[in-house]
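1. Here is a sequence together with a model predicted from it:
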There are 2 protein chains.
Amino acid sequence: MRQAGRYLPEYRAIRAKVSFLELCRTPELAAEVTVQPIDRLGVDAAILFSDILVVFDAMDVAVEFKPGPMLPSPLRCRADVEALRWGDPVGELAYVMDAIRACKRALADRVPLIGFCGAPFTTCSYLIEGGGSRDFLEVKKLLFTEPDLFRSLMANMSELLAKYLIGQIDAGVDAVQIFDSWAGALGPRDYVDHVLPHTRALVERVQAYTPKDRPPVPVILFARGNANLLAHTASIPADVLGIDWSIGLDQGIEVVGRDRVVQGNLDPGLLLGPRALIRSRVADTLQAGAGAKAHIFNLGHGISRFTDPAHAKAMVDAVHEGL
Amino acid sequence: MRQAGRYLPEYRAIRAKVSFLELCRTPELAAEVTVQPIDRLGVDAAILFSDILVVFDAMDVAVEFKPGPMLPSPLRCRADVEALRWGDPVGELAYVMDAIRACKRALADRVPLIGFCGAPFTTCSYLIEGGGSRDFLEVKKLLFTEPDLFRSLMANMSELLAKYLIGQIDAGVDAVQIFDSWAGALGPRDYVDHVLPHTRALVERVQAYTPKDRPPVPVILFARGNANLLAHTASIPADVLGIDWSIGLDQGIEVVGRDRVVQGNLDPGLLLGPRALIRSRVADTLQAGAGAKAHIFNLGHGISRFTDPAHAKAMVDAVHEGL
């Protein structure tokens, strides 16, 4: 999840001057906010400041943030899907690649840098719904009425996203994370039939890529919103599986297997509680994580803008003390 | 879930004349729309047309529908909680009791009538958030910072809701359903610690009530949004457990136990797909349901306003043919 954000006064100071999209598109500023949580919180890895939807710049699909994402022209029929342009995400998102290089310079090997993209389903869902959704009815309508069209859309998206992540690796990221934020929009059967093959293809394409002068980078896969899908998601050989807060970490580890590396999963809502509770829940999370092959401590969803940075710091400190 | 609604032209015809709240508060009209899906679809039970939030009329808490529920004065601190009035939901919601009697007259024993309320957590969440929510951060803030206050709020709500359901039973409903629409806002540990005891108290109070001239009525419990909680929800001895669409019905039955009666769980999004797919998924659902002690076919969440009534009818017909 994004580490920088409105809960940090130093982030708000920059956002007072530029819009969210300008920030994503200005490499020096993106690098500056990427590094802010490293300085403030002492976390052990940096996550590139960007957005999963900037990839639409390689497709000439307009997106606005007001403040949630809004697409003026969502896909609603076969002609809309067939008219899509599948461009070169590396060339057309040069500002992302420049931001990665600027981040690497600013971090100067203090901590690794994680790049990311949305999973094919989440990215396509935004294209179809035109924004966030509670019920994903437009997605389901297209999926259930035109399954072949949906499949070709997802396959194209998977390929585009693989190129995008490989570009990020060439630019220098040390790991990549794939966010399937809306995976929980579907029940297990439809997830397995219509989503999983495309996520798997993306993960495997990226894992098969060996950058110059170093081994392949680890791929973290995080499918959120329905932990019942976890057993299916775990069938993909991602190097790390993210687990959201809706399932106990111990139970999640049993589901994915104790031979997997997991990431998660403190409820970000806990950061609104008292520090003693945060410390105690961090300790419980670390203890549960010890049951996996390896455990990367993380929040089980995005950090809230209402979080006191001192509480986020208390969480990071508790993790370091507990290791 | 509500059976009547904007997907039915005969419902829209009535709503063109009265607001949603007026409709809930006018017994003859509430009865009329309650019966509409019986006539149109041929379903085997009627669900009282009402809303879980009308119970706030017994607390002098204002709620508006525009069109989602909005509370102008949500609870944000101890003083707000302590100032709540816990009135008599039977006397102060006489219009609900009158609507039930009007429904029973209109149904004339064609099908049974199901009354309902929100579960304590869902009802309290609306009080605290002031409406729907994506992250339930106000609820979590109160819960994590003032757990004792939260507990007393939930306990009072559980008692009020028990009185409300018992009033509905006295007015003539044949079964009651408790909707915990927002249960999935919490991870399993917080659900077990802070929610489950109050839901259990509500279910057990209602089950302990024997109306005049007939045995106790069945209690259906439906906790939605995180099927990982299902094993915990199933520890409550509700007569029927609702299962949402996010888990396979066969898997859900394994979790709750094959000795339980279950209700569910077709994804309402499927009703936007072609009729052949609807029929095939209904057949699969009935087959899975055969693994339980008994199975009440139902959607696994509310019906969408964009549903073609002919598709809803195709679903009901497929259920009847498959039995």
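-> Nice, thanks for sending it over. The structure displayed is predicted, hence computed values, not measured ones.

2. For the nearest residue to A:Val54 once chain neighbours are set aside, which residues are in contact?
-> With CB to CB, 6 or more residues apart in numbering or on different chains as the criterion, A:Val54 has its nearest non-adjacent residue at 5.5 Å, and that residue is A:Cys24. The C-beta positions use only the backbone N, C-alpha and C, and glycine is treated the same way. By CB atoms under 8 Å, 6 or more residues apart in numbering or on different chains, A:Cys24 lies in contact with A:30, A:49-51, A:54, A:95-96, A:99.

3. Which positions in the helix or strand containing A:Cys24 come out as buried?
-> In this assignment (DSSP states H and E), A:Cys24 forms part of helix A:20-25. Neighbour counts using 16 or more other CB atoms under 10 Å in any protein chain shown place A:21, A:23-25 of helix A:20-25 among the buried residues.

4. do the same with stretch A:88-99
-> A:89-90, A:92-93, A:95-99.

5. now do stretch A:255-262
-> A:255-256, A:260-262.

6. Which of the residues you listed fall in strands?
-> A:261-262 (DSSP state E).

7. From the contacts of A:Cys24, pick the one nearest chain B.
-> Nearest to chain B among the contacts of A:Cys24: A:Asp51, at 17.5 Å, using CB to the nearest CB.

8. now that closest one, nearest residue through space, not along the chain?
-> A:Cys24 (5.5 Å).

9. Enumerate the residues of the stretch 101-250 of chain A near chain B.
-> A:135-137, A:140-141, A:144-145, A:184, A:186-190, A:226-228, A:245-248 (CB under 8 Å from any CB of the partner chain).

10. Go again with 7 Å.
-> Counting by CB under 7 Å from any CB of the partner chain, the residues of the stretch 101-250 of chain A close to chain B are A:135-137, A:140-141, A:144-145, A:184, A:187-189, A:226-228, A:245-248.

11. Spit out the contact partners of A:Gly302.
-> By CB atoms under 7 Å, 6 or more residues apart in numbering or on different chains, the residues touching A:Gly302 are A:1-2, A:268.

12. Oh, that last question was meant for A:Met70, not what I typed.
-> So A:Met70 contacts A:64, A:130-131 (CB under 7 Å, 6+ apart).

13. one more time with 6 Å
-> Taking CB atoms under 6 Å, 6 or more residues apart in numbering or on different chains, we find A:Met70 in contact with A:64, A:131.

14. and it, bridged to which residues?
-> A:Glu64, A:Gly131 (DSSP bridges).

15. Compute the distance between it and A:Arg224, please.
-> Counting by CB to CB, to the nearest Å, the separation of A:Met70 from A:Arg224 is 21 Å.

16. cool, A:Pro112 as well?
-> In terms of CB to CB, A:Pro112 sits 23 Å off from A:Arg224.

17. Was I right to think A:Asp239 contacts A:Pro218?
-> Yes - the criterion here is CB atoms under 6 Å, and A:Asp239 meets it with A:Pro218 at 3.8 Å.

18. Could you report the pLDDT at the residue lying closest to A:His295 once chain neighbours are set aside?
-> In this structure, A:His295 finds its nearest non-sequential neighbour in A:Gly289, 2.9 Å apart by CB to CB, 6+ apart. A:Gly289 carries a pLDDT value of 98.

19. burial count for the residue of the stretch 151-300 of chain A found nearest chain B?
-> Closest contact between the stretch 151-300 of chain A and chain B, by CB to the nearest CB, is at A:Gly273 (2.9 Å). Per other CB atoms under 10 Å in any protein chain shown, the neighbour tally for A:Gly273 reads 21.

20. and the residue of the stretch 51-200 of chain A found nearest chain B, what is it in contact with?
-> Nearest to chain B in the stretch 51-200 of chain A, going by CB to the nearest CB, is A:Phe144, at a distance of 2.9 Å. Taking CB under 6 Å, 6+ apart as the contact definition, A:Phe144 lies against B:273, B:277.
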